[in-house]
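Colleague: coords please:
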Amino acid sequence: MAANGSSPPMVHLLENQMNEAKKVKLTDGNEVGIPSKVIHIRSIPTEVSETEVISLGLPFGKVTNVLLMKKKNQAFIELEGESHAQAMVRYYNEVSPMIRGRPCFVQYSTHKELKTTQVNPAAQAALQAADGASAPHNTEIPKTVLRVIVENMLYPVTVDVMHKIFSKYGTVQKIITFTKNNTFQALIQMADPIAAYSAKFSLDGQNVYTACCTLKIDFSRLDALNVKYNNDKSRDFTNPNLPGGETITGGLPGAGIQPDPQHMALNLAGIPPGLMAATSAQFQMPPGGIPGFGSLAQYSFPQAAAPHMAGGMQMLSPQPATMAQLQAAHAGQQFPFPGMSPHPAAMGLQGFHMAGGLQTGSVVLVSNLNEEMVTPEALFTLFGVYGDVVRVKILFNKKDNALVQFAEPRQAALAMSHLDKVKVWGKQIRVAASKHPVVQMPKDSQSEGGNLTKDFTNSPLHRFKKKGSKNYQNIYAPSGTLHLSNIPPTASEEDLKEAFAQTGGEVKHFKFFPKDRKMALIEMGSIEESVTALIEMHNYQLGDSSHLRVSFSKSTI
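Modeller: Below you'll find the predicted structure:
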């Protein structure tokens, strides 16, 4: 379908034609070339993704193919019809398209169809995500105001962070943030509808910080925002002379929880104004964050403005001597913002402080389990969706309770956030921080109850053992739809549906990925059935050397 820039396939593009295309310039008010449903995009940033390129075309219709040629700073997209392409070229002839803050150029390609000879998984995934997200033809382009909900907010998300993120897709004019139903939300007004549409498509479902602070984006019914104050809650970037309004003295943005009085001074603007002045080139992307922005979770802020974490948690501050040693050890690392140091967890310190002084570590307590069904292996599989489970202990005298130890506290926090109050084996489980720093192994594994404690340290089934694992980008709450991967070519749809039906649930829908039959989506009758299916079917053997991989999906069929 498409290929990346490192090894472009033959796409019926002659080299002399491409060199000729480079010389073509758009002139004001004119469409360049003979209309074609294939669009040629020039001067794109080298680090651009397929998703960002596709987002330029989505407001005008369905994008059916994409090709990146990163070494040439060029890309091609194919729209569903020529009329869609004409609308796109007309619009971008008047409004310069932007990718990562850099203007690019749009013109018709000399080719009537974009054909590729190799399958590029990144392009395929981007096209599948875009399928159904394109604007209906001949309808009004969406409005400029976006409503953003931040889910699983383990770290603060401020006006400045929002501005930095959304500015990559166009000019941000106004932002208003607020808390509704204990959920942090924002209204963001972009300068034009295309920028708003591009930001929505590119950022919806993305994580601001690694594996948390997930953005859910829709268009607002509002035509424009009325900002009265420029402060840490709202900002009118078109009018810097607005008053600051009342100083905020309490309340935790996005969490609805009051911080401890001794930490009240820290709960102010979140990020000091000087910190967001970094250039795009300084702001690089570690795995797991939003493309082009990086995962901000590996950084912490200067002590004078260190913000609280949502949910009453505050980032653990190490002792000065320890921090000095760690900073010395990481002296060669470059950090994007002046005055910003690495997050302690990124340098080896682990743990969070809850409001009131309680520190949460790597162990969670799981209660209200079904005694007849629970096993260490089942808990390892379920909780392993959110982190690498090291040990599991089912309590001998209270078998509806268990301790689950993760490789690091962040993973334990994710499990608490996603699995608390989820129905498993007919009972709504509770997941909370444990007072135990580790799960102790029994001295005699042959003793009574020895099989209730298992060590999984060396399990090959850990999903996150590789540093910066891409699996962190695909962590979702339990849902009725499961994502299946590592499917062998010998496995048919009926084979898989029959295997999942054996878990006791109803298989409602099934769909192979169109261009990659190694992956599929399967929808069960309920979230509880989906949870049971994941527990039983993850690592299910489908062939001599093929074991199924199962995870929760945000998609629907």
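
Colleague: grab the nearest non-local neighbour of Lys508.
Modeller: Of all residues beyond its chain neighbours, the one nearest Lys508 is Glu523 (4.6 Å), with distances taken as CB to CB, 6 or more residues apart in numbering. Any C-beta I mention is one placed from the backbone N, CA and C, and that applies to glycine too.

Colleague: secondary structure element holding that neighbour?
Modeller: Mapping Glu523 onto the secondary structure by DSSP states H and E places it in strand 516-524.

Colleague: OK, contacts around the residue nearest to Lys508?
Modeller: Glu523 sits next to 480-482, 507-510, 556-557 when contact means CB atoms under 8 Å, 6 or more residues apart in numbering.

Colleague: show only the entries of those residues found in strands.
Modeller: Among the contacts of Glu523, the members falling in strands are 481-482, 507-510 (criterion: DSSP state E).

Colleague: now those as TSV including neighbour count?
Modeller: What follows is these, written out as TSV (neighbours: other CB atoms under 10 Å):
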residue	neighbour count
Thr481	20
Leu482	24
Val507	18
Lys508	14
His509	13
Phe510	16
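
Colleague: now the residues you listed as a markdown table including distance to Ala196 and pLDDT?
Modeller: Written out in a markdown table, the entries for the ones in strands among the contacts of Glu523 read as follows (distance: CB to CB, whole Å; pLDDT from 0 to 100):
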| residue | distance to Ala196 | pLDDT |
| --- | --- | --- |
| Thr481 | 28 | 95 |
| Leu482 | 32 | 96 |
| Val507 | 38 | 96 |
| Lys508 | 34 | 95 |
| His509 | 32 | 95 |
| Phe510 | 35 | 96 |
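
Colleague: tell me which of those residues is nearest to Asp455?
Modeller: Using CB to CB, Leu482 is the member of the ones in strands among the contacts of Glu523 that sits closest to Asp455, with 27.6 Å.

Colleague: what residues sit buried inside stretch 224-237?
Modeller: Neighbour counts over stretch 224-237 (16 or more other CB atoms under 10 Å) mark 225, 227, 230-237 as buried.

Colleague: narrow these to those in strands?
Modeller: Counting by DSSP E, the part of the buried residues of stretch 224-237 found in strands is 234-236.

Colleague: my guess is Asp400 meets Val366, correct?
Modeller: No. Here Asp400 does not reach Val366: they are 9.1 Å apart, not a contact under CB atoms under 8 Å.

Colleague: now Val145. Nearest residue, chain neighbours left out?
Modeller: When the adjacent residues along the chain are set aside, Val145 lies closest to Ser220, with 4.1 Å between them (CB to CB, 6+ apart).

Colleague: and Val53, by the same measure?
Modeller: Spatial nearest neighbour of Val53, chain neighbours left out: Ala75 (4.6 Å); criterion: CB to CB, 6+ apart.

Colleague: helix/strand/coil for the one you found?
Modeller: Here Ala75 is recorded as strand under DSSP: H, G, I helix; E, B strand; the rest coil.

Colleague: excluding its backbone neighbours, what's nearest Ser546?
Modeller: Counting by CB to CB, 6+ apart, the nearest residue to Ser546 once its immediate chain neighbours are dropped is Pro488, at 4.0 Å.

Colleague: let me redo that: Leu414
Modeller: In space, and not counting its chain neighbours, Leu414 is closest to Tyr386: 4.2 Å by CB to CB, 6+ apart.

Colleague: burial count for the one you found?
Modeller: 29 (other CB atoms under 10 Å).

Colleague: could you do the one 5 residues further on as well?
Modeller: The burial count assigned to Arg391 is 21, neighbours taken as other CB under 10 Å.

Colleague: next SSE after the one helix or strand it maps to?
Modeller: Arg391 is part of strand 389-394 when elements are defined by DSSP H and E. Helices and strands here follow DSSP H and E; after strand 389-394, the next one along the chain is strand 402-406.

Colleague: please put the alpha-carbon coordinates of the helix or strand following that next one into CSV.
Modeller: Moving toward the C-terminus from strand 402-406, the first helix or strand encountered (DSSP H and E) is helix 409-419. Listed next in CSV are the C-alpha coordinates belonging to helix 409-419 (Å, rounded to 0.1, in the frame of the first residue of the first chain):
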residue,chain,number,x,y,z
PRO,A,409,5.0,2.1,40.3
ARG,A,410,3.8,3.8,37.1
GLN,A,411,2.5,0.5,35.9
ALA,A,412,0.7,-0.1,39.2
ALA,A,413,-0.9,3.3,38.9
LEU,A,414,-2.1,2.4,35.4
ALA,A,415,-3.6,-0.8,36.7
MET,A,416,-5.5,1.0,39.5
SER,A,417,-6.8,3.6,37.0
HIS,A,418,-8.1,1.0,34.4
LEU,A,419,-9.1,-2.1,36.4
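
Colleague: check which helices and strands the helix or strand just after helix 409-419 sits against.
Modeller: Taking DSSP H and E as the definition, the helix or strand that follows helix 409-419 towards the C-terminus is strand 423-424. Counting contacts by 3 or more CB pairs under 8 Å, 6 or more residues apart in numbering; DSSP states H and E, strand 423-424 is packed against helix 527-537.

Colleague: alpha carbons only: can I get the helix it packs on in CSV?
Modeller: Written as CSV, here are the backbone C-alpha positions of helix 527-537 (Å, rounded to 0.1, in the frame of the first residue of the first chain):
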residue,chain,number,x,y,z
ILE,A,527,-16.9,-5.9,28.6
GLU,A,528,-17.0,-8.7,31.2
GLU,A,529,-17.0,-11.3,28.4
SER,A,530,-14.1,-9.5,26.8
VAL,A,531,-12.1,-9.5,30.0
THR,A,532,-12.6,-13.3,30.4
ALA,A,533,-11.7,-13.9,26.7
LEU,A,534,-8.5,-11.9,27.1
ILE,A,535,-7.5,-13.9,30.2
GLU,A,536,-8.1,-17.2,28.5
MET,A,537,-7.0,-16.4,24.9
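
Colleague: many thanks, we can stop here.
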